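[1] Quick one, structure for this:
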Amino acid sequence: MTGHQDIAAGTDQDEAIRVPADLRPEIPHPARMYDYYLGGKDNFPADREAAEKVLALSPLVRISALANRAFLGRAVRHLAEQGVTDFLDIGTGIPTAGNTHQIAQQVHPHARVAYLDNDPIVLVHGRALLAAASHGSATVVQADLRDPDAVLATPEVRRLLEPGRPVGLLLFAVLHFVDDKDDPHAIVRRLVDALPPGSHLALSHATGDFTSATAAAKGPAIYRAASAQLTMRTREEVLGFFEGLELVEPGLVTAPLWRPDRAPEPTDGEVAIWAGVGRKP
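    Numbering: from 1, shown residues only. Presented below is the predicted three-dimensional model:
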């Protein structure tokens, strides 16, 4: 059931950090697997074992995860430099270096960020981060992307959707966990429709366009064992999420090629993450 619990940074630390009774460390968890790809320490042996199975199918998985994280940083900074001060980050995952509020507030110290996730494990980590930071302009909310009306009904999101204030809607590496039966394109349209003009959608999505048929079949199976439905989509399918929006240059490209801030690598064109930013007219 979708609900919401808001804890802003700076509230009582004991209240802000409530660990679930059972983290189920014996079951691989997608957020902890992603943390492992990034070189983090918030993972268990089962997560590392499952992640290594995915890496054995394609070494580009770790490169893709790192590229996705780097794209987040560049996209958020770009939006902040365009004057966006309010950010809605859905499916945030376990916090690591360079989180949305940290990047945005380097440009706008009073930037507001609402992190949304439906996973109690992610929420614990996010609330711990914000409680330690003692920063009042970022919140962590429990909500499910698959229920966009409930997302938009949360008080934290309603406060961001003020007329005349563009919002950065961030969907980084989350839509591939939404099954086709849940109509992810309709979900994105519902969210974008609620944004004020001048808002932006920044999105990244896993793809099988560059992987072997074996990897494309076995990778999702590993995630299903980790209690997550993984649906990789083609470039055309990902492009559909930007319907009605003005794509920001260079358009929809692999994550490392979106406004890179480093010299190109030979694998940049084959990283299995499509990435793009679109502006709402």
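
[2] Which of the helices or strands spans Leu203?
    In this assignment (DSSP states H and E), Leu203 forms part of strand 200-206.

[3] Show me the contact partners of that strand.
    64, 68, 71-72, 75-76, 79, 82, 84, 166-173, 175-176, 188, 192, 195, 230, 232-233, 238, 241-242, 245, 248, 255, 272-280 (CB atoms under 8 Å, 6 or more residues apart in numbering). Every residue, glycine included, has its C-beta placed from N, CA and C.

[4] Sort out which of those residues are buried, if you could.
    Buried members of those, scored by 16 or more other CB atoms under 10 Å, are 64, 68, 71-72, 75-76, 79, 84, 166-173, 175-176, 188, 192, 195, 230, 232-233, 238, 241-242, 245, 248, 255, 272-280.

[5] Out of those residues, list just those in strands.
    Using DSSP state E, the subset of the buried ones among the contacts of strand 200-206 located in strands is 167-172, 273-279.

[6] So in terms of bridging, what pairs with the most centrally placed residue in the chain?
    Nearest to the centroid of the C-alpha atoms of the chain, with distances taken as CA atoms, centre = their mean, sits Phe172, at 3.0 Å. Residues in a beta bridge with Phe172, per DSSP bridges, are Ser204.

[7] Who are the contact partners of it?
    Phe172 touches 68, 71-72, 89, 91, 93, 202-204, counting by CB under 8 Å, 6+ apart.

[8] So which residues of the stretch 1-150 of the chain form helices?
    Taking DSSP state H, counting those that start in this stretch as the criterion, the stretch 1-150 of the chain carries its helices at 13-16, 30-37, 45-57, 60-81, 100-107, 120-133, 148-153.

[9] will you turn these into TSV that also has distance to Thr267?
    Formatted as TSV, the helices of the stretch 1-150 of the chain follow (distance: least, CB to CB, whole Å):
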stretch	distance to Thr267
helix 13-16	40
helix 30-37	15
helix 45-57	14
helix 60-81	6
helix 100-107	24
helix 120-133	29
helix 148-153	35
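
[10] Okay, buried residues for the strand holding Leu203 please.
    So, applying 16+ other CB under 10 Å, buried residues of strand 200-206: 200-206.

[11] How far away from the center of its chain is it?
    8 Å (CA atoms, centre = their mean, to the nearest Å).

[12] relative orientation of it and helix 60-81 in degrees?
    180 degrees (axes from the mean of the first three to the mean of the last three CA atoms, to 10 degrees).

[13] angle of strand 200-206 against helix 100-107?
    Going by the same axes, to 10 degrees, strand 200-206 makes 140 degrees with helix 100-107.

[14] Can you list the low-confidence ranges for the stretch 151-281 of the chain?
    Applying pLDDT under 70 to the stretch 151-281 of the chain flags residues 215-216, 223, 225-228.
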